[in-house]
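**Q** Sequence plus predicted model, see below.
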Amino acid sequence: MAGRMVLGSAALAGLVRPASTPGSTAPHQTLPVLPELAGLLPRRGLRRGSTVAVGRPGHGGSTSLMLALLVEASRAGSWCAVVGMPALGAAAAAELGIALERLALVPHPGPEWATVVAALIDGVDVVVVAVPDTVSASVADRLAARARQRGCVLVPYGRWAGADLTLHVLRGRWDGLGQGRGRLRRREVTISARGRGAAVRPREIRVWLPGDRPAEAAAPASPPAPAPTSPGPTGPAPTPDPALVGPGGRRASLTVIRTR
């Protein structure tokens, strides 16, 4: 099922549930994240009411990191919304493991984007917003305060002053090409986390996106299955490494190489 496309105010009103009363959303409750990302977050999850920014949009791996933040919360039953990213494909989200039946896409929020985000905050668990070129401090503060009050996790995708935690993809390199042949298969990236309060101490991890890892770094695999007695004309089909495959046959969203 494709992610729900929200194109108008009527559709938006139908998606958002009635706003909770202040204080009833368990502000210290956390939404789960992939185990590989848990070490970057102060409570090893997405704390309700917090603002977690993903910086450097357009930098290799930033979009995959943003989507990876949503995977476990989505699987656990939380609704997620992505605002202002018309190029985001539902297929990419599904490959990482996001439950598309609980994903709302608002590709073109228009000039009143802050109003759209505020409405989503009232009724969606995690709201990702592509940050426009200029955002006033008052708008940023107002949306962060609303998320705090409603128990929503606000995820600005771009530069956002005052975030509780900011994740950056610092650098990366592609893997897969040999001596003039082959194809790009995976990207090694370094992700840093820095924030305030419990997140003031910077942290870094190195991961493979979208979850492949080189043979020398792979976890031990199960013993290979016996080859079929009557292989087809192209030989037996390769057995996927269970260390690289997630639930339902999906590849793991990312794979940790090193933490610091």
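**A** Sure thing, it's come through.

**Q** which residues of the stretch 1-150 of the chain fall in strands?
**A** Remark: strands assigned in the stretch 1-150 of the chain by DSSP state E, counting those that start in this stretch are 4-5, 30-31, 46-47, 52-54, 80-83, 103-106, 126-130.

**Q** which one of those strands lies closest to Val169?
**A** strand 52-54 (8.3 Å; C-beta to C-beta). For every residue, glycine as well, the C-beta is placed using N, CA and C.

**Q** thinking again about what came up before, please tabulate the strands of the stretch 1-150 of the chain in TSV and include mean pLDDT and distance to Ser74 as additional columns.
**A** Shown next, in TSV, are the strands of the stretch 1-150 of the chain (pLDDT from 0 to 100; distance: least, C-beta to C-beta, whole Å):
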stretch	mean pLDDT	distance to Ser74
strand 4-5	62	13
strand 30-31	96	9
strand 46-47	96	11
strand 52-54	97	15
strand 80-83	97	5
strand 103-106	95	7
strand 126-130	97	8
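
**Q** Can you add mean neighbour count and give those strands back as TSV?
**A** Output for those, formatted as TSV (neighbours: other C-beta atoms under 10 Å):
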stretch	mean neighbour count
strand 4-5	15
strand 30-31	20
strand 46-47	24
strand 52-54	25
strand 80-83	26
strand 103-106	24
strand 126-130	26
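
**Q** and Ala73, which of those strands is closest to it?
**A** strand 30-31 (4.1 Å).

**Q** which strands and helices sit next to that closest one?
**A** Where contact means 3 or more C-beta pairs under 8 Å, 6 or more residues apart in numbering; DSSP states H and E, strand 30-31 is packed against strand 46-47.

**Q** Give me the sheet partners of the strand it packs on and which way each runs.
**A** Strand 46-47 pairs in its sheet with strand 30-31 (antiparallel), by DSSP bridges.

**Q** Need the contact partners of the partner strand.
**A** For strand 30-31, contacts defined as C-beta atoms under 8 Å, 6 or more residues apart in numbering pick out 43-48, 72-73, 76, 78, 125-126, 153.
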